[in-house]
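Novice: Return a 3D structure for these sequence lines:
(chains A and B)
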Amino acid sequence: MIAQRLLQILDDIEGVTGSFVVTHGGELLVHSMPARFGIDGLRLTGRRVARIIQCGSANGVHTEDALFEFGDGKLLVREFVQGYLCVLCQSSINMRSLRLTTRLVARSMPTELARAGAQPVASSAP
Amino acid sequence: MKPAIAEVGARRRAAQSSAAHEGAPREEPRTGVVRKVDVQPAAARPSTRPLPSRVVSRAVGERPSLPAESSTDSGTWRCLEWGEKSRPRPAKRSSDVSVVQLSTSGKLLRQRGPDEWLPEAGEFVHRMAILVAQGLGFDDCTAVHLRGAANAISVSQAGPAKVVGVTGPLRQLSKVLRRVGLE
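Specialist: Take a look at the predicted model:
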């Protein structure tokens, strides 16, 4: 899937752990995360990220970029037409470089998702 | 008794009797910068050391509108800046930035600014961000920044028991956003 290859572009940046894409409603569409992150956990996280951004929108802050700081790590979220591109990285990452690449990937993402007819990733549990 | 103290006492008694006779207000005004005008006429004042002309001209130049003291003003209270127009104070700029301080349990400690929704939203964002952090394998979320086209929200931990939420226009939060690399 080309959308997944697009996400792997982000992995080339030093300090990036992985990335995933969720819809505006919080449904996980595609991801390129290490195996230790389970699908269920990612789906839940994606939904929570979307809720936080919706909270901002409900109060007049229509979020384009969001940053979560976790001490040792960061989660950069970039809004695009079909949802949010989330990039998990180390705290020491070069933010300028990361934001630039994230913006480029987010710009190309809608076409690829539409071409692939992306559906929400199914839960690992039956 | 020293002669200087005796002279001051006599002057004060003379001032009181003068005010009583002339019916001048004796009660001290409650507001404003005031001084009590000396009861002695200018001629009767003890001679003082003359000031250099430069100092006198500057002092006169500073308060051109201050009326000269006359004997009729004796014993009355009046404003020191009498006749001088009050300087217009710079208008206080109303800030568009709202700031709240919350305890980690969500109790509102302090709030300032126009956005009344901020305590509730700040608490929600903080709680949800901790869950996001734990879902990604971290212990805690120290800060969340949401940057929109015109304004932004920032919710961050300030110490072990306090959470601070800030929202406002991008221009006024640019310093915070630049520090975290969102600008």
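Novice: got the residues of chain A near chain B?
Specialist: A:36-37, A:41-42, A:44-45, A:48-49, A:51-53, A:55-56, A:58-73, A:75, A:88, A:95-96, A:98-99 (Cβ under 8 Å from any Cβ of the partner chain). Backbone N, C-alpha and C define where each C-beta goes, glycine included.
Novice: Could you rerun that using 7 Å?
Specialist: When proximity is defined as Cβ under 7 Å from any Cβ of the partner chain, chain A approaches chain B at A:41, A:44-45, A:48-49, A:51-53, A:55-56, A:59-73, A:75, A:88, A:95-96, A:99.
Novice: Among those residues, which ones are in helices?
Specialist: Counted as lying in helices by DSSP state H, out of the residues of chain A next to chain B, are A:41, A:44-45, A:48-49, A:51-53, A:55-56, A:95-96, A:99.
Novice: In contact with the closest residue to chain A within chain B, which residues are there?
Specialist: Closest residue of chain B to chain A, Cβ to the nearest Cβ: residue B:181 (2.8 Å). Neighbouring residues of residue B:181 by Cβ atoms under 7 Å, 6 or more residues apart in numbering or on different chains: A:95, A:96, A:99.
Novice: Next one: the first one relative to residue A:15, how far apart?
Specialist: Between residue A:95 and residue A:15 the distance is 10 Å, computed by Cβ to Cβ, to the nearest Å.
Novice: what does residue A:37 give?
Specialist: Distance from residue A:37 to residue A:15, by Cβ to Cβ: 17 Å.
Novice: Does residue A:105 touch residue A:86 like I think?
Specialist: No - between residue A:105 and residue A:86 there is no contact under Cβ atoms under 7 Å: 11.3 Å.
Novice: what separates stretch A:85-96 from the chain centre, distance-wise?
Specialist: Chain-centre distance of stretch A:85-96: 11 Å, with Cα atoms, centre = their mean, to the nearest Å.
Novice: quick one: least confident helix or strand in chain B?
Specialist: Sorting the helices and strands of chain B by mean pLDDT, DSSP states H and E puts helix B:53-62 at the bottom, at a mean of 50.
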